[in-house]
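K.L.:
mind looking at a prediction? Sequence and model below.
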Amino acid sequence: MNASNKLLEVKEVRKVFGEGQNETMALKGVTFDVLPGEFLGIMGASGSGKTTLLNVIATMMKPTSGKIFLDGQNISSFKGSQLAAYRGDQIGYLFQQFELIDNLTAKENIMLPLAIHGINLKEQEQALLQLSKLFGIEELLNKFPSQLSGGQKQRVAAARALISNPCIVLADEPTGALDTKNAKILMEKLSEHNQQQESTILMVTHDANAASYCSRILFIQDGIIFHELRRNVPGESQEAFYARIVMVMAQLAGGSSNVL
Ligand SMILES: Nc1ncnc2c1ncn2[C@@H]1O[C@H](COP(=O)(O)OP(=O)(O)OP(=O)(O)O)[C@@H](O)[C@H]1O
């Protein structure tokens, strides 16, 4: 770990799409840090810049300006094998639409990040067992995605995101395609992993219920972070934190500038 003890540092990140009349400034100077073991939520209205932010952290797109450091390393400067290693080993991804590969079994999907990097799969059976148990998918490992429900698919995808023990998991609306019951199961299991294994998770969500599992939430509006909520632990129940999240969302929807 680097001396500052910050896992992820996002510094003055701007992202401009298009030019001239077609210019959209999706991120207008976003700065925040993520500490190891944090479960950080990013919330904001549609079009506020959440996915763009996740994409620049994932190196799917380059920021127009600003810098991003993971464990003290400037990821914007990564090229070639260093970039591939960052994307493959250091980040785990969890998407709204699961993104499982249809002609691979659940087990093969979960092990794919390891297989791609030539890691000995036999040695990882223990990790597979632990994650399968956590997500309650032991009986599903030999099934194909078409044989799974949406909730089951997302629990397989979550195991895939965590199998390589990444520095950080980037989750983009992971409950967006799930019903309430399956969203709750997923969030409980992610939260359990975060608390017991101290995994670091950065999650974009519209869903106040999902966000209430986070330890901290950044609210983004028009490409800037304008508010932060932190769950007061020990002491604050998840219900009380949920109520505070909903209050900020209501104030935002009403166009209030008195949130801060
Ligand atoms: N590839 C692109 N080209 C041009 N404009 C883009 C592109 N991607 C995003 N934008 C614009 O940047 C802004 C932020 O988009 P972004 O997708 O990050 O928002 P979001 O908060 O994730 O929205 P949603 O919740 O609807 O997914 C929007 O105005 C969007 O239209």
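P.N.:
Sure, I can see it.

K.L.:
the residue lying closest to Pro174 once chain neighbours are set aside: how many residues sit nearby?
P.N.:
Nearest non-adjacent residue to Pro174, counting by Cβ to Cβ, 6 or more residues apart in numbering: Leu94, 4.7 Å away. The way it works is simple: take the backbone N, C-alpha and C, and place the C-beta from them, glycine included. Using other Cβ atoms under 10 Å, Leu94 is surrounded by 22 other residues.

K.L.:
give me the pLDDT value at Leu94.
P.N.:
pLDDT for Leu94: 93.

K.L.:
equivalent analysis for Ser81, please.
P.N.:
Looking at Ser81, its pLDDT stands at 83.

K.L.:
quick check: phi and psi at Ile42.
P.N.:
Torsion angles at Ile42 (phi, psi; degrees, to the nearest 10) stand at phi -120, psi 120.

K.L.:
residue contacts, it?
P.N.:
Contacts for Ile42 (Cβ atoms under 8 Å, 6 or more residues apart in numbering) come out as Lys50, Leu53, Leu54, Leu202, Met203, Val204, Thr205, Ile217, Leu218, Ile220.

K.L.:
please redo it, this time with the cut-off set to 7 Å
P.N.:
Applying Cβ atoms under 7 Å, 6 or more residues apart in numbering to Ile42 gives the contacts Lys50, Leu53, Leu202, Met203, Val204, Leu218, Ile220.

K.L.:
for the chain, name the helix or strand with the lowest mean pLDDT.
P.N.:
One helix or strand of the chain scores below all others by mean pLDDT, DSSP states H and E: helix 80-85, with a mean of 84.

K.L.:
what's that helix in contact with?
P.N.:
Thr59.

K.L.:
dump whichever helix or strand comes after it to PDB, keeping only the CA atoms.
P.N.:
Per DSSP states H and E, the first helix or strand lying C-terminal to helix 80-85 is strand 91-94. Output in PDB follows, covering the C-alpha atoms of strand 91-94 (Å, rounded to 0.1, in the frame of the first residue of the first chain):
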ATOM      1  CA  ILE A  91     -10.100  -4.400 -11.200                       C
ATOM      2  CA  GLY A  92     -13.200  -6.600 -10.900                       C
ATOM      3  CA  TYR A  93     -16.300  -5.600 -12.900                       C
ATOM      4  CA  LEU A  94     -19.900  -6.000 -12.200                       C
END
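
K.L.:
which residues touch strand 91-94?
P.N.:
Counting by Cβ under 7 Å, 6+ apart, Ala58, Ala157, Ala158, Ala161, Leu162, Ser164, Pro166, Ile168, Val169, Leu170, Ala171, Pro174 sit against strand 91-94.

K.L.:
number of residues surrounding Gln124?
P.N.:
Using other Cβ under 10 Å, Gln124 is surrounded by 18 other residues.

K.L.:
ok but it is inside a helix, no?
P.N.:
Yes. Counting by DSSP: H, G, I helix; E, B strand; the rest coil, Gln124 is found in a helix.

K.L.:
tell me the pLDDT at it?
P.N.:
Gln124 is given a pLDDT of 78.

K.L.:
how about Pro234?
P.N.:
76.

K.L.:
can you confirm it is in a strand?
P.N.:
No. Read with three-state DSSP, Pro234 is coil and lies in no strand.
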